[in-house]
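In: 3D, please:
(2 chains)
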Amino acid sequence: MAPGTFLGEFELVVLLAVMQLGDDAHAINLRDHIERRAERKVTRGALYATLERLERKGFLEWELDETTPGRGGMPRRRFFVTPEGIQAVRTSQTMIARLSEGLEEALG
Amino acid sequence: MRPPRLPPHLLEWVLRAFVPPGAAGLSIVGDLREEFAIRGARSHLAATLWFAWQTIHVSYRLSGERRRARRADTRTRVRSKGEPVSSLLRDLRQGARSLMRTPVYAGTAILTLALGVGATTAVFSVVNGVLLRPLPYLDPAALVDISVNTGGAGWYGSSIPEFFDYEENLGTVGHLAGWQTGLLTVGDSTRPRRIDIAFVTQQFFPALGVPPVLATVLRESLALTMLGALIGIPAGAVLTRATGRLVFGVGPFDMVSLSAALVVLAMSGVVSAAVPALRASRIDPIIALRSSG
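Out: Residues are numbered from 1 along each chain as shown, chains lettered A, B, ... in the order given. I've put the predicted structure just below:
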């Protein structure tokens, strides 16, 4: 695997949330979704920084979506995971599955 | 329908300086605008404070992310661990990050420090005012002494005609006062006591600024109290958020509570200043002069 293609924990969380939300994967929804499903606090700063990093790594892309009245004319991005991103998630999960083998008793 | 209120221009301008260029950056501004509009419907002040905090935090994280990306791109991963400057910067950055992660805790710590510094300063002010510098002059640094030199050695006091000349022609002083010291024997022949006395002209006490001392102390105290309120109320707002679950039915921006706190603060400031101020104003100027010896 080339360097820079491993996923950090929060990067994995964000990619999974983008995949789960599908057409609703806007930044505000992503934050709410992660806070609800992962039960952890997510700051907007951390989310935007991670989205930018994932985009740079080529795991994430975005397109402009319809804007909403509260935004004062500002654009709205909808994110989606690239095939490379999906591959990275798969690799990450395989790695965790392999490393968890034989630990069923300890991990419950 | 009324269009939603937008965040303050200045804050948005700062935020735009840090977000990525183009639509990506504008969409981040848009996200925050959208949340600002929802929060602003409840309380504009709270929404503005929230937006200010988000501006700082998002700008900080995005610029950090960009810095990391630049380092990775150029492959200049030279970690100069031995250099004191870079390790100091790293420490500062780490400190700032951990404070930003826990704003309530950081606010409480900063407030505790501020209270400690404030209390120490207040105690020192009292010691300094009551013990170290008991002279109740309005402005000791502005007092000047006029002496005469006639060409030879030594300096002398002015004569009475010279004093009248000064009074007529000297425009650079606020008050001009003349005095002559002497000795006086008081008591009876079995227990005589000699005391220092001074004959002074009419402007002597105004020149020393003795009568307005009460007003001065009160004014300074009120100014200090107001400064305290200016720092204390935003800090209080943060603390109220933290203790929100304990205080039933009081929000951090409850106007009645804030006004009441301000009035109580101002009153306690005036009362606590009035006692030393009255005492200072009652000091006999002659005694004050003697202790200046």
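
In: shaky segments in the stretch 1-150 of chain B?
Out: Within the stretch 1-150 of chain B, the stretches with pLDDT under 70 are B:1-4, B:74-86, B:133-136, B:138.

In: in it, which residue sits nearest chain A?
Out: Closest residue of the stretch 1-150 of chain B to chain A, C-beta to the nearest C-beta: B:Gly30 (2.8 Å). Just so you know, the C-beta spots here come from the backbone N, C-alpha and C atoms, and that holds for glycine as well.

In: mind listing the helices for chain A?
Out: Using DSSP state H, the helices found in chain A span residues A:9-21, A:27-37, A:44-57, A:83-100, A:104-107.

In: of all those helices, which one is nearest B:His175?
Out: Of all these, it is helix A:44-57 that lies closest to B:His175, at 61.1 Å by C-beta to C-beta.

In: what's the neighbour count on residue 28?
Out: Let's take chain A. 18 (other C-beta atoms under 10 Å in any protein chain shown).

In: not quite, I wanted chain B
Out: Count around B:Ile28 with other C-beta under 10 Å applied: 27.

In: which residues sit in contact with the residue lying closest to it once chain neighbours are set aside?
Out: Closest residue in space to B:Ile28, ignoring its immediate chain neighbours: B:Val19 at 4.7 Å, by C-beta to C-beta, 6 or more residues apart in numbering or on different chains. Counting by C-beta atoms under 8 Å, 6 or more residues apart in numbering or on different chains, B:Val19 touches A:48, B:25-26, B:28-29, B:58-59, B:62.

In: and the residue most central in space within chain B, helix, strand or coil?
Out: The residue lying closest to the centre of chain B (C-alpha atoms, centre = their mean) is B:Leu227, at 5.7 Å. Of the three states, B:Leu227 takes helix according to DSSP: H, G, I helix; E, B strand; the rest coil.

In: hmm, back to that, pretty sure the residue of the stretch 1-150 of chain B closest to chain A contacts A:Pro69?
Out: No - B:Gly30 lies out of contact with A:Pro69 (C-beta atoms under 8 Å); the separation is 11.1 Å.

In: neighbour count winner among the two?
Out: B:Gly30 (24 against 11).

In: which one (most neighbours) among the contacts of B:Val19?
Out: When neighbours are counted by other C-beta under 10 Å, B:Ile28 leads the contacts of B:Val19 with 27 neighbours.

In: phi and psi next, for that one.
Out: phi -70, psi -40 (degrees, to the nearest 10).

In: residues contacting it?
Out: Shown in contact with B:Ile28 (C-beta under 8 Å, 6+ apart): A:27, A:48, B:15, B:19-20, B:58.

In: tell me how far it lies from B:Leu222.
Out: Computed as C-beta to C-beta, to the nearest Å, the B:Ile28 to B:Leu222 distance reads 45 Å.

In: the stretch 51-200 of chain B: strands as residue ranges?
Out: Along the stretch 51-200 of chain B, counting by DSSP state E, counting those that start in this stretch, strands occupy B:179-186, B:193-200.

In: which residues does A:Leu107 contact?
Out: A:Leu107 sits next to A:Ser100 when contact means C-beta under 8 Å, 6+ apart.

In: can you tell me the residue of chain A closest to chain B?
Out: Taking C-beta to the nearest C-beta, chain A has A:Met74 as its residue nearest chain B, at 2.8 Å.

In: for that residue, which non-adjacent residue is spatially closest?
Out: The spatially closest residue to A:Met74, leaving aside those adjacent along the chain, is B:Gly30, at 2.8 Å (C-beta to C-beta, 6+ apart).

In: the host helix or strand of the one you found: which residues count as buried?
Out: Following DSSP states H and E, one finds B:Gly30 within helix B:23-42. Of the residues in helix B:23-42, B:23-37, B:39-40 count as buried by neighbour count, 16 or more other C-beta atoms under 10 Å in any protein chain shown.

In: now swap in stretch B:180-200 and tell me
Out: Buried residues in stretch B:180-200, counted by 16+ other C-beta under 10 Å: B:Val200.

In: for that stretch, give the mean pLDDT please.
Out: Computed over stretch B:180-200, the mean pLDDT rounds to 83.

In: and if you look at stretch A:75-82?
Out: Rounded mean pLDDT across stretch A:75-82 is 95.

In: got it, and stretch B:163-174?
Out: 84.

In: now the helices of chain A as a markdown table including distance to B:Arg279?
Out: Shown next, in a markdown table, are the helices of chain A (distance: least, C-beta to C-beta, whole Å):
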| stretch | distance to B:Arg279 |
| --- | --- |
| helix A:9-21 | 63 |
| helix A:27-37 | 60 |
| helix A:44-57 | 55 |
| helix A:83-100 | 75 |
| helix A:104-107 | 74 |
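
In: rank these by pLDDT, which is bottom?
Out: Within those, confidence is poorest for helix A:104-107, with a mean of 86 (mean pLDDT).

In: tell me the gap between that helix and the middle of its chain.
Out: Chain-centre distance of helix A:104-107: 27 Å, with C-alpha atoms, centre = their mean, to the nearest Å.

In: same check on stretch B:156-173?
Out: Using C-alpha atoms, centre = their mean, the offset of stretch B:156-173 from its chain centre is 40 Å.
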